[in-house]
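kindly return the folded structure for what I paste below:
(chains A, B and C)
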Amino acid sequence: MSSGYDSHPPHGDLPSPRISDLARPRGPGGDPGYLDGLNPEQRAAVETTEGPVLVLAGAGTGKTRVLTTRLAHILSTGRARPWELLAVTFTNKAAREMRERITHIIGAEAEGLRWLGTFHSVAAQILRRHAELVGLKSSYTIIDNDDQERLLKQLIEAENIDAKRWTPKILAGMIDNWKNKGWTPDRVPPADGSEFAAGKGTILYRQYQDRLRILNACDFGDLLLHNITIFTSHPDVLTDYQTRFKYVLVDEYQDTNIAQYLWLRLLAQGRQNVCCVGDDDQSIYGWRGAEVDNILRFERDFPGAKVVRLERNYRSTEHILAAASGLITANKDRLGKTLWTDEAGGEKVKVSGVWDGEAESRMVADEIEKARRAGRKYSHMAILVRASFQMRAFEERFVMLQIPYKVVGGPRFFERAEIRDAHAYLRLIQSPDDDLAFERIVNTPKRGIGDTSVQKLRQVARLESLPAVEAARTLVGSDELPARTRTALSNFLRDLDRWRALAQTMPHQRVLEAVLEESGYTDALRLDKGPTSQTRLENLKELVQSMSAFDTLEAYLEHVSLVMDLDKGAGDDAVWIMTLHSAKGLEFPLVFLPGWEEGVFPSQRSMDDKGTKGLEEERRLAYVGITRAREEARISFVANRQVYGRWTSQLPSRFVDELPLAHVEAASETGYYGGGPGMQQTAASRWDDTGQSSFGGSGYASPGWKRAQDRMAGGGNSWSNPRTGGSGGRSAPIEGEGRLVAVSAPSKASAYQRGDRVFHVKFGYGQVSSVEGNKLSVAFDKAGDKKVIDGFVEKA
DNA sequence: AACATCGTAATTTTT
DNA sequence: TTACGATGTT
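Residues are numbered from 1 along each chain as shown, chains lettered A, B, ... in the order given. The predicted structure follows:
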């Protein structure tokens, strides 16, 4: 079985539908066909339906197949009806895929799986039915981060807090974290609550919750949190769901946060038929509240739990698996798993060091072309980077060479400004009280209602306890606004009323079209000479299209608030460029892993903020990266990189040296380095400078970062500069300069403390006034108080 | 209210 | 370097 049954990239195909025929229950003694081809562990995971089960599913071990087969098994053996199953995932994509694959096995019955969805969509459904128990109406709206920040900004300003120092974004992040931990405002520990703006955090959180309630709205975190509140304060409701859900299934359990964990535990406690599937080695979302601990202590939470390990990998070659496995053993907190395969041989993982980022992108592009000539499709190749700033170099190169590529991630359809604007119009038509929507579009497109007027409007709304639209009506009838503004506002209100009337009689796509035309929105875009205006118009067309799939405006809006995911189609044959995070769950025959340098990967920030925990998560990210590859994985790192416009000298990532030597091949082919003639050195030999170990040779196992430390201590960047003239348009890095900037000194905590004298290239000399992780507040002698990253200063 | 200019800071992402 | 936001100018 060469093709995995784990998630495929969009070009993947579904398993053969023949299973659906075989899925019907057989005569006594006969196995139903859907169990065919499962290995013993997979089968145990499917057939152990009763009681708690933890499935530790390594990368590429058939996790999704087990999940879907298990559901099909429960259904086709009559243990439960579709609506008695609770199955939760993190992403819409995963939920969709699961539904599709179950349909392939059991057919139309899968449509009854109404509790299969993301945590958020299931929680939203439950909340709709009991909204009044937390002070909401069942017609509540779900706001996204943008609305959230907008709202918080108002609250922060109302408290007279400096919104530059204490940004809405920071507060939103804090509140999200609190919600992820299951804390309502009264549960926030004082220490946490006072972190924001001299102790105002908890107060603002409470105000925010009150405001949401008045708006009959909630944010994503609330969906879970309100559920938990309802369950704990109304045991009868909880019992109802505990009884209803005969079996509970959870995907990606290692990614659950505390709120999700509490929610699940409440629901699963009744019947104890809970199956969690996950992989502690692929836990890469700690920074957004995921608790690996949830999976590590499953057996304590559910005594008598059966643990199944899926370790047989159907995706990658021996060398790739061994390289990944070897690397991950450097982590301490693991449940322990070793992937294996009986597909012997294959290519070793290639590791190459090159001079700089330009050389790296050139090398990757060359290899892509070479693979292409050898018959590989572009879409079978992927470049997985740690952070998105690394993507640019590849994109530039690909544009030059006309290699088709596709960047995954980036701004998503429903998050684009024009789409959100259109939605705001629709929301306002649907519910006149939607103040957030009102504020978003009251002057979009520009209709002469500026900041001052909006301020006044807000003031009236607050004093009179009116929704913004009503406040606007009041203002129009008064003389508090300049005549011109008053007319503009009056026209806007008139338009709104007209559109609302239109919505009663017209199909909703038509309504949107009318709104966009009559509001002048499309005209404004057409006049816009910006490079994106054309695309934005097209996006709006697409939006109108996508609405037709829904009967009512209401149904449509409900959909977009939760399923912010529009598949852009498989597209054409193109190389994938994405972050390691977004590559999780995907697989590609040929994977490039560039930028394996200290500070970049593992990311300095991650280590500074979270110490060893952060480092281990980075290492899991590396593990995820390598295990995406089916046939070939290529790791690279550079000696010099331009970061934020400055040349910095880079040290190879410690992860490079943690790879087991036997499964790695240090690339030594010529032809990648530099551009100029006369460049003879090989990538490998360039690493021999220290004389301590040979990168290409046998002695390369000594830890690179340690070597590097020695080198730093010895003074100066000892990499020879192979570039004599410099070939491209960019200037060559200056030898030794990297040391001055010293971005990647492998230190955990900041090397600085209060009182230290420091020097900054731009700000000059100063004294450290406080240290927070790697962020320093420095009183500069000439430039005044600044906050800087410690990598940008040096001891004076 | 619209436009230009300056200053500042700098992962990872889903819902 | 670049992108975004806040500030200042017309």
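
helices of the stretch 501-650 of chain A, start to end?
A:508-518, A:521-527, A:533-547, A:553-562, A:580-583, A:604-627 (DSSP state H, counting those that start in this stretch).

whoops, I mixed them up, the stretch 301-450 of chain A
Using DSSP H, counting those that start in this stretch, the helices of the stretch 301-450 of chain A run over A:318-328, A:357-373, A:391-401, A:417-430, A:435-441.

how far does the first one sit from the chain's center?
Spelled out, that is helix A:318-328. Computed by CA atoms, centre = their mean, to the nearest Å, the chain-centroid distance of helix A:318-328 equals 25 Å.

contacts for it, please.
For helix A:318-328, the surrounding residues in contact (CB atoms under 8 Å, 6 or more residues apart in numbering) are A:59, A:281, A:313, A:316, A:334, A:338-341, A:343-349, A:619-620, A:622-623, A:626-627, A:629-633, A:655, A:658-660, A:662-664. Backbone N, C-alpha and C define where each C-beta goes, glycine included.

any of the residues you listed buried? List them.
Using 16 or more other CB atoms under 10 Å as the burial test, the contacts of helix A:318-328 include A:59, A:281, A:313, A:316, A:339, A:341, A:343, A:346-349, A:619-620, A:622-623, A:626-627, A:629-633, A:655, A:658-660, A:663-664 as buried.

can you pull the residues of chain A lying near DNA strand C?
Proximity of chain A to DNA strand C (CB under 7 Å from any atom of the strand) is limited to residues A:A163, A:K164, A:Q642, A:Y644, A:G645.

pLDDT value on the first one, please?
In this prediction, A:A163 carries a pLDDT score of 74.

is it true that it touches A:L152?
No. Using CB atoms under 8 Å, A:A163 is not in contact with A:L152; the gap is 9.3 Å.

so which of the two has more stuff around it?
Using other CB atoms under 10 Å, the more surrounded residue of A:A163 and A:L152 is A:L152, with 25 against 17.

pull the residues that contact the helix or strand where that one lies.
Taking DSSP states H and E as the criterion, A:L152 maps to helix A:145-158. Residues external to helix A:145-158 that are found in contact with it (CB under 8 Å, 6+ apart): A:143, A:163, A:166, A:168-169, A:171-172, A:175, A:197, A:204, A:207-208, A:211-212, A:217, A:219, A:415, A:420, A:436, A:439-440, A:458.

which among those residues count as buried?
For the contacts of helix A:145-158, a burial check counting by 16+ other CB under 10 Å picks out A:143, A:163, A:166, A:168, A:171-172, A:175, A:197, A:204, A:207-208, A:211-212, A:217, A:219, A:420, A:436, A:439-440, A:458.

how about chain A: which residue is closest to DNA strand B?
Closest residue of chain A to DNA strand B, CB to the nearest atom of the strand: A:G450 (1.9 Å).

show me what contacts A:V188?
Contact partners of A:V188, counting by CB under 8 Å, 6+ apart, are A:W178, A:G201, A:T202, A:Y205.

sorry, back to before: would you turn the helices of the stretch 501-650 of chain A into a markdown table with distance to A:Q767?
Shown next, in a markdown table, are these (distance: least, CB to CB, whole Å):
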| stretch | distance to A:Q767 |
| --- | --- |
| helix A:508-518 | 56 |
| helix A:521-527 | 51 |
| helix A:533-547 | 48 |
| helix A:553-562 | 50 |
| helix A:580-583 | 38 |
| helix A:604-627 | 21 |
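
ranking these by mean neighbour count, which comes first?
For those, the largest average neighbour count (mean count of other CB atoms under 10 Å) is found in helix A:604-627, namely a mean of 22.

any bit of that helix sitting next to DNA strand B?
Yes. Contact between helix A:604-627 and DNA strand B, assessed by CB under 7 Å from any atom of the strand, occurs at A:R605, A:S606, A:D609, A:G614, A:E618.

which one of the residues you listed is nearest to DNA strand C?
Proximity of the residues of helix A:604-627 next to DNA strand B to DNA strand C was ranked by CB to the nearest atom of the strand; the top entry is A:R605 with 16.4 Å.

could you point out which element follows the helix holding A:L152?
Sequence order places helix A:168-180 as the next helix or strand after helix A:145-158, per DSSP H and E.

just the mean pLDDT for that following helix, thanks.
Mean pLDDT, computed over helix A:168-180, is 90.

what residues does it touch?
If you take CB under 8 Å, 6+ apart as the criterion, helix A:168-180 is touched by A:145, A:148-150, A:152-153, A:156, A:188, A:192, A:195-196, A:201, A:204-205, A:208, A:219-222, A:224-225, A:257-259, A:288-289.

run through the stretch 601-750 of chain A and note the low-pLDDT ranges.
Judged by pLDDT under 70, the stretch 601-750 of chain A has its weakly predicted residues at A:668-750.

again, only this time at 80
Within the stretch 601-750 of chain A, the stretches with pLDDT under 80 are A:667-750.

what does it put close to DNA strand B?
Within reach of DNA strand B by CB under 7 Å from any atom of the strand, the stretch 601-750 of chain A has these residues: A:S603, A:R605, A:S606, A:D609, A:G614, A:E618, A:Y644, A:G645.
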